[in-house]
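*Asks:* A structural model of the following input is requested.
(chains A and B)
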There are 2 protein chains.
Amino acid sequence: MGKCDCNNQNKALGASSIMFGEPVRIMGSGSIVGQMENEGPLSGCFDKVSEDKNDMFGADSWEKAESELQKSAIAITLEKTGMSAKDIRYLFAGDLLGQNIASSFGVMDYNIPLFGLYGACSTCGESLSLGSMAIAGGFADTVISLTSSHFASAQKEFRFPLEYGGQRPLYASWTVTGSAGFLLQRNNVSNEMKTANSTFKNKICITGITTGRIEDFGIKDSFNMGCAMAPAAKWVIEGNLKDFGRTPCDYDAIFTGDLGNVGREALIKLLEDDDIDIRSRHYDCGMLIYDLEKQDVHAGGSGCGCSAVVLSSYILKKMDEGEWKRILFVPTGALLNKTSFNEGQNVPGIAHGIVIETID
Amino acid sequence: MGKCDCNNQNKALGASSIMFGEPVRIMGSGSIVGQMENEGPLSGCFDKVSEDKNDMFGADSWEKAESELQKSAIAITLEKTGMSAKDIRYLFAGDLLGQNIASSFGVMDYNIPLFGLYGACSTCGESLSLGSMAIAGGFADTVISLTSSHFASAQKEFRFPLEYGGQRPLYASWTVTGSAGFLLQRNNVSNEMKTANSTFKNKICITGITTGRIEDFGIKDSFNMGCAMAPAAKWVIEGNLKDFGRTPCDYDAIFTGDLGNVGREALIKLLEDDDIDIRSRHYDCGMLIYDLEKQDVHAGGSGCGCSAVVLSSYILKKMDEGEWKRILFVPTGALLNKTSFNEGQNVPGIAHGIVIETID
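*Replies:* Residues are numbered from 1 along each chain as shown, chains lettered A, B, ... in the order given. All right, here's what the predicted structure looks like:
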């Protein structure tokens, strides 16, 4: 633990990026989703799917159901990698609910030292950033990064009880019911620590990060989260390219978290204004998880769980199959709560960028 | 940036502690409080005090008032250390409000890359932990750790609107209106980066941390936060002593965040059961900030801002004057929200331990 190889230094790049001296391995991940998520294009890709149509996961409230999602995501992640909770040094976890209660009540039985995070729907990126920093900094051999969202608990938290039957505008997104955990580990685990079984044929690693800042373009409509978050995604993507000295072509694909089809167009146009063209290699997790033609989700999926379950069930698998060798993964979040919205405040956004590569 | 000295490795100790290879310097801090906080024993110690009796700080809502607290705390911290926002690589910030809105709207104008945190009233410890890890891991030269709470926004968030005039039991605590920021910097700043002016005569450093886990002793009463948090504080203090191979006497003082007088007795008794006696050297920030005899606060102060402003205005100053050479600082948090409480869930706790020393 705490090994230091002077040839493998972490490098702080530019405004807010880090290139890790030694890539941090993603050894495996576990995903669980609701029924509707499993009716979309990624059907069959998830590790576990809700057995009841209300996605209650055996709980008696929406909030407890979301906690069950996190509990299951950890259990699946541990099982797939052959690890147990005592092998995990830190947990980096967050969700969308007030005071992170889905995480608190979801993870506490595992007794893992916890850093609670809040970055709205960008939290998956934040948890992967801090988790990989903990390993690259020599503070831990093994950590889990974990996030969740639940459609019904999010509607209750941010908008209206479902029973109101409120009408959603076409640019609104649909909160994904799902959770995913990612087990990160250093390449050469210390003698006394356990090496996880990798669930991938290849070495899939986090090689760098770009940390986001809050961007506020004056959006007031909390349904229009895609446009609220697009400027933050733009700042991270542009910053990542500059800090690492790359062009979009250096990435086989660039994924945003949950901009949806309206936010995606905003992002592409914002980047075009700065002569950066990502259209041919950009995908949005919110548009990958649902069939926007057939499923009644309007602009796409959203929520802390959206980018997490798409990364776990789809992106990492495709990388392992060789479809993409280096990607930029940019979960996006809208910063608001009921009170800030009701008091007329704007909806600013934040995003966090993760560089993921298969390494020989 | 990213220097690596092989003689100064970070060491992961025991269950959840880290000893930093190179101590992380606290170069300065800035605190701002409400009027009531300045009427207690620490009167005159704070950098800035509310000018109006309602502690609105020029804002038109309680939530915006709390954002103003954070904005001021950063401004004071930057001014005292002679730094500007562009010199700060990362901000680690959190508060008690749903979806961290006090932080989001408080910090966004500074344009500093942000990690949003939630650890309830332990967030000050969490932000100092992750901030010092970022520096000790070679990811940043300079960061700010920042937290806040506001009495009125917290009452509205967790309990009742003040206008209800609800009666508080004697074991309840009083949420501190205050915010403090801490500027952390590596000892030898990279050539191209700016060295902060230290506001201390001595080198005051974070030399290690002990990360907490959630402890649930079945407390159901959200007013009894002292007893809800005491087991988490016990776990961190006991773990810290074991991981570092120390006894309570190796610390000149041990500070908890906001247990209050009821929680303090619970903590001392829990530790006594394990033959650990901290009574003579234990202080609680919630009992230091108010005069429990004369001010109508019942068990003491609480909130993310409580431990933060006491550390900034009192503990660090006393350390600089030589009163204490090595302390253990343990902010404590109660994990709940309105919904979890109303649905009958327990109130578990979490705490984060920070070892602070003056170094020759």
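*Asks:* May I have the residues that are in contact with the residue of the stretch 101-250 of chain A found nearest chain B?
*Replies:* Per C-beta to the nearest C-beta, A:Gly137 is where the stretch 101-250 of chain A lies closest to chain B, at 2.4 Å. For every residue, glycine as well, the C-beta is placed using N, CA and C. When the contact criterion is C-beta atoms under 8 Å, 6 or more residues apart in numbering or on different chains, the partners of A:Gly137 are A:10, B:10, B:133-134, B:136-139.
*Asks:* next one: A:Ser17
*Replies:* A:208-211, A:239-240, A:243-244, A:353.
*Asks:* will you turn these into a markdown table that also has neighbour count?
*Replies:* Putting these into a markdown table (neighbours: other C-beta atoms under 10 Å in any protein chain shown) gives the following:
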| residue | neighbour count |
| --- | --- |
| A:Gly208 | 26 |
| A:Ile209 | 29 |
| A:Thr210 | 30 |
| A:Thr211 | 29 |
| A:Gly239 | 22 |
| A:Asn240 | 26 |
| A:Asp243 | 20 |
| A:Phe244 | 20 |
| A:Gly353 | 31 |
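*Asks:* Now render these as JSON lines, adding distance to A:Gly263 and secondary structure.
*Replies:* Below are those laid out as JSON lines (distance: C-beta to C-beta, whole Å; DSSP: H, G, I helix; E, B strand; the rest coil):
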{"residue": "A:Gly208", "distance to A:Gly263": "24", "secondary structure": "strand"}
{"residue": "A:Ile209", "distance to A:Gly263": "22", "secondary structure": "strand"}
{"residue": "A:Thr210", "distance to A:Gly263": "19", "secondary structure": "strand"}
{"residue": "A:Thr211", "distance to A:Gly263": "20", "secondary structure": "coil"}
{"residue": "A:Gly239", "distance to A:Gly263": "18", "secondary structure": "helix"}
{"residue": "A:Asn240", "distance to A:Gly263": "18", "secondary structure": "helix"}
{"residue": "A:Asp243", "distance to A:Gly263": "23", "secondary structure": "helix"}
{"residue": "A:Phe244", "distance to A:Gly263": "24", "secondary structure": "helix"}
{"residue": "A:Gly353", "distance to A:Gly263": "16", "secondary structure": "strand"}
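*Asks:* re the thing from before, where does the residue of the stretch 101-250 of chain A closest to chain B fall, phi/psi-wise?
*Replies:* Per-residue torsions, A:Gly137: phi -80, psi 0 (degrees, to the nearest 10).
*Asks:* now swap in A:Phe200 and tell me
*Replies:* Here A:Phe200 shows phi and psi, under degrees, to the nearest 10, equal to phi -120, psi 150.
*Asks:* hang on, the earlier thing: out of the contacts of A:Ser17, name the two that are farthest from one another.
*Replies:* Spanning the widest gap among the contacts of A:Ser17 are A:Thr211 and A:Phe244, at 13.3 Å by C-beta to C-beta.
*Asks:* need the strands for the stretch 151-300 of chain A, in chain order.
*Replies:* For the stretch 151-300 of chain A, the strands defined by DSSP state E, counting those that start in this stretch occupy A:174-175, A:178-185, A:203-210, A:253-256, A:282-284.
*Asks:* what do you get for the stretch 1-150 of chain A?
*Replies:* Counting by DSSP E, counting those that start in this stretch, the stretch 1-150 of chain A has strands at residues A:11-13, A:17-33, A:48-49, A:90-94, A:114-116, A:142-149.
*Asks:* Take the contacts of A:Gly137 and keep only those in helices.
*Replies:* Secondary structure assignment by DSSP state H places B:133-134, B:136 of the contacts of A:Gly137 in helices.
*Asks:* Turn the residues you listed into TSV, columns for pLDDT, distance to chain A and neighbour count.
*Replies:* Shown next, in TSV, are the ones in helices among the contacts of A:Gly137 (pLDDT from 0 to 100; distance: C-beta to the nearest C-beta, whole Å; neighbours: other C-beta atoms under 10 Å in any protein chain shown):
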residue	pLDDT	distance to chain A	neighbour count
B:Met133	98	6	28
B:Ala134	98	7	28
B:Ala136	97	7	28
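*Asks:* want to throw those residues into TSV with distance to B:Gln70?
*Replies:* Rendered in TSV, the data for the ones in helices among the contacts of A:Gly137 read as follows (distance: C-beta to C-beta, whole Å):
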residue	distance to B:Gln70
B:Met133	22
B:Ala134	19
B:Ala136	25
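*Asks:* so how far is B:Asp47 from the residue nearest the centre of chain A?
*Replies:* The residue at the geometric middle of chain A, judged as the C-alpha nearest the mean C-alpha position with C-alpha atoms, centre = their mean, is A:Cys124 (2.9 Å). In this structure, A:Cys124 and B:Asp47 are 37 Å apart, going by C-beta to C-beta, to the nearest Å.
*Asks:* try A:Ile214
*Replies:* From A:Ile214 over to B:Asp47 the distance is 25 Å, taken as C-beta to C-beta.
*Asks:* still on that earlier bit, winner for burial among the strands of the stretch 151-300 of chain A?
*Replies:* Among those, the stretch with the highest mean neighbour count (mean count of other C-beta atoms under 10 Å in any protein chain shown) is strand A:178-185, at a mean of 31.
*Asks:* Flag every residue of the stretch 251-360 of chain A that's near chain B.
*Replies:* With the criterion set to C-beta under 8 Å from any C-beta of the partner chain, the stretch 251-360 of chain A comes near chain B through A:335-340, A:343, A:345, A:348, A:350.
*Asks:* all helices of the stretch 151-300 of chain A, in order?
*Replies:* Secondary structure of the stretch 151-300 of chain A by DSSP state H, counting those that start in this stretch: the helices cover A:151-158, A:225-244, A:260-273, A:285-288.
*Asks:* Make JSON lines from these and add distance to A:Glu321 and mean pLDDT to it.
*Replies:* As requested, these are exported to JSON lines (distance: least, C-beta to C-beta, whole Å; pLDDT from 0 to 100):
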{"stretch": "helix A:151-158", "distance to A:Glu321": "30", "mean pLDDT": "90"}
{"stretch": "helix A:225-244", "distance to A:Glu321": "25", "mean pLDDT": "97"}
{"stretch": "helix A:260-273", "distance to A:Glu321": "25", "mean pLDDT": "98"}
{"stretch": "helix A:285-288", "distance to A:Glu321": "16", "mean pLDDT": "98"}
